[in-house]
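Q: Structure, please.
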Amino acid sequence: MTATLIRKLERSDVLSDEEKDVLEKSFSRIRDFRADEDIVREGDRPTESCIIMEGFAARYKVLPSGRRQISAIHISGDFVDLHSFLLKTMDHGVMTLAPTRCAFVPHANLKKITEDYPHLARILWLSTLIDSAIHRSWLTAMGRTSATAQMAHLICELHVRLGAVGQTNGNSFHMPITQEELGDALGLSTVHVNRVLTELRNGGIVQWQGGGAVTILDWDRLSEIAEFSPVYLSLQNEPR
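A: Residues are numbered from 1 along each chain as shown. Now for the predicted structure:
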């Protein structure tokens with residue numbers, strides 16, 4: 001159940017067999033979600049936290065005007081609401097972007113893990129810190145770079161994150177997100193998103209096909225446009 005989570009965590013540090021066993025036994029249930037379905041809603045008070053086993057999800061918030069802002073994209077191995085263990089009330093929702101399988105760990109089990117296994121507690125803490133680092137990177141890109149650079153940065157980031165959990169094929173990967181959802185993530189209109197993707201395609205840099213099949217044709221140019229460095233993803237393996 002936890003193979004993808006363990007693979008992701010072990011990119012940052014080594015887990016003992018005992019720690020892997022503890023994680024495996026901590027999850028209580030599995031649930032399959034359709035695309036565009038809420039995993040957790042704003043205002044909910046969850047008693048368990050969710051990890052994505054397969055699929056894609058997004059954190060989002062809907063404004064009173066009805067406009068939506070996506071503030072994070074989650075992939076296999078990600079906890080989507082680990083922070084609800086301490087923050088209690090969700091200040092945003094989490095929805096699926098594609099058919100998604102999730103596993104849930106009760107907060108009571110997380111409490112026991114953090115009390116009895118300090119190394120695991122630090123590793124779980126690290127995952128929330130990486131989420132925050134990704135959020136800072138998104139804010140910087142949105143506030144201080146062009147729309148093309150924002151899109152390039154998102155594509156670079158997703159390629160690296162998916163590669164870390166074994167979900168890339170060379171420079172190709174699957175990302176089932178619509179142009180509307182891309183716009184909600186980047187603060188762009190659908191028309192602007194289409195224009196940027198066309199620019200990257202015509203420049204021989206990225207090919208984004210229907211159904212979410214993405215191929216990076218020129219990584220060097222894409223990462224240069226994005227000014228991308230993966231340091232903030234903390235994928236280096238070192239003691240924590």
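Q: and the residue most central in space within the chain, bridged to which residues?
A: The residue lying closest to the centre of the chain (C-alpha atoms, centre = their mean) is His74, at 2.4 Å. Note on His74: beta-bridge partners Ala57, judged by DSSP bridges.
Q: Can you give me every residue that contacts it?
A: Residues in contact with His74, defined by C-beta atoms under 8 Å, 6 or more residues apart in numbering, are 52, 56-59, 80, 94. In short, each C-beta sits where N, CA and C put it, glycine included.
Q: and of those residues, the nearest to Ile134?
A: Arg59 (10.6 Å; C-beta to C-beta).
Q: can I get the contacts of His74 in TSV with distance to Leu162 and neighbour count?
A: TSV is the format used below for these (distance: C-beta to C-beta, whole Å; neighbours: other C-beta atoms under 10 Å):
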residue	distance to Leu162	neighbour count
Ile52	12	25
Phe56	10	25
Ala57	14	26
Ala58	15	22
Arg59	18	23
Val80	16	23
Val94	19	24
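Q: got CSV for those residues, with distance to Leu110 and pLDDT too?
A: Conversion of these to CSV gives the following (distance: C-beta to C-beta, whole Å; pLDDT from 0 to 100):
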residue, distance to Leu110, pLDDT
Ile52, 17, 96
Phe56, 23, 97
Ala57, 19, 98
Ala58, 23, 98
Arg59, 19, 97
Val80, 14, 95
Val94, 17, 98
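Q: any idea which of those is the one closest to Ile6?
A: Nearest member of these to Ile6, counting by C-beta to C-beta, is Ile52, at 13.7 Å.
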